[in-house]
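**Student:** no letters, just coordinates:
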């Protein structure tokens, strides 16, 4: 078995045909020492028309600085490749049928290699999940302007505002306020607040503010803006 002489057009053609349905760049296989052995036998990038081989060459070239960490054991070049191509490099030697069946350029040479590849994937996945979990979560917030109306012009507006500000909740921050005339000597309380959308809603605010029924007639949302 083998690819033949990978420094010749015929050898590169055999490599290209072999790689037509085997590609580590698609995630179907994990690059191994088998790739390194074949890569080192190729004199340079395959021509553009041999696109399977060129794609594979560029992918394996990216592992040059870390090739020692790839799984598997590098074997003689003649032990890799299609079974129907004669090894003309002199590197293959005599092999029995069991070796031919077990060797796959991109597959695992043995159970140990498969476990190493699996462990590498798991480590990289764990690193990715760790980085992802450290990213701060985005908290959705809104700025509200509330109109709180009293019953009449005799309502103690200072006490009304005190009641409103006494409402405390996780995700609620009260801001500035002012009294706005509405007619007949009556003034309404206009007060700002910032809320975390997942924790505080306008329905909850209305329910708690109007609960001060001795002072509050109604509450309306005058302005609502996402932050």
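**Tutor:** The structure has been received and is ready for your questions. Remember, predicted model here, so these are calculated numbers, not experimental data.

**Student:** contacts and neighbour counts: CA atoms only from here.
**Tutor:** Fine.

**Student:** quick one: least confident helix or strand in this protein?
**Tutor:** helix 97-102 (a mean of 45; mean pLDDT, DSSP states H and E).

**Student:** now the strands for this protein?
**Tutor:** For the chain, applying DSSP state E gives strands covering 141-150, 172-183, 186-196, 216-226.

**Student:** need the contact list for residue 45.
**Tutor:** 54, 57, 58 (C-alpha atoms under 8 Å, 6 or more residues apart in numbering).

**Student:** ok, for the last one, nearest residue in space, not its chain neighbours?
**Tutor:** Beyond its immediate neighbours in the sequence, the residue positioned closest to residue 58 (C-alpha to C-alpha, 6 or more residues apart in numbering) is residue 45, lying 7.6 Å away.

**Student:** try the first one
**Tutor:** Closest residue in space to residue 54, ignoring its immediate chain neighbours: residue 46 at 5.2 Å, by C-alpha to C-alpha, 6+ apart.

**Student:** so what's the residue count around the one you found?
**Tutor:** Residue 46 has 23 neighbouring residues, counting by other C-alpha atoms under 10 Å.

**Student:** cool, residue 224 as well?
**Tutor:** Neighbour number of residue 224 under other C-alpha under 10 Å is 13.

**Student:** tell me, what residue is most central in the protein?
**Tutor:** Ranked by distance to the mean C-alpha position of the chain (C-alpha atoms, centre = their mean), the top residue is residue 132 at 6.9 Å.

**Student:** distance of it relative to residue 125?
**Tutor:** As judged by C-alpha to C-alpha, to the nearest Å, residue 132 and residue 125 stand 11 Å apart.

**Student:** same deal with residue 65?
**Tutor:** Distance, residue 65 to residue 125, using C-alpha to C-alpha: 21 Å.

**Student:** tell me the spacing between the closest residue to residue 13 other than its chain neighbours and residue 69.
**Tutor:** Spatial nearest neighbour of residue 13, excluding adjacent residues (C-alpha to C-alpha, 6+ apart): residue 50 at 7.1 Å. Distance, residue 50 to residue 69, by C-alpha to C-alpha: 28 Å.

**Student:** poorly predicted segments of this structure, please.
**Tutor:** 1-2, 23-30, 81-113, 135 (pLDDT under 70).

**Student:** do a quick rundown of the helices in it.
**Tutor:** 9-18, 33-41, 51-61, 97-102, 111-134, 157-165, 202-209 (DSSP state H).

**Student:** among those, which comes closest to residue 145?
**Tutor:** Comparing the helices of the chain by their distance to residue 145 (C-alpha to C-alpha), the top pick is helix 202-209, with 10.7 Å.

**Student:** next up, the contacts around residue 75.
**Tutor:** 34, 37 are the contacts of residue 75 under C-alpha under 8 Å, 6+ apart.

**Student:** now do the phi/psi pair for it.
**Tutor:** Main-chain dihedrals, residue 75, degrees, to the nearest 10: phi -120, psi 180.

**Student:** brilliant, that's me finished.
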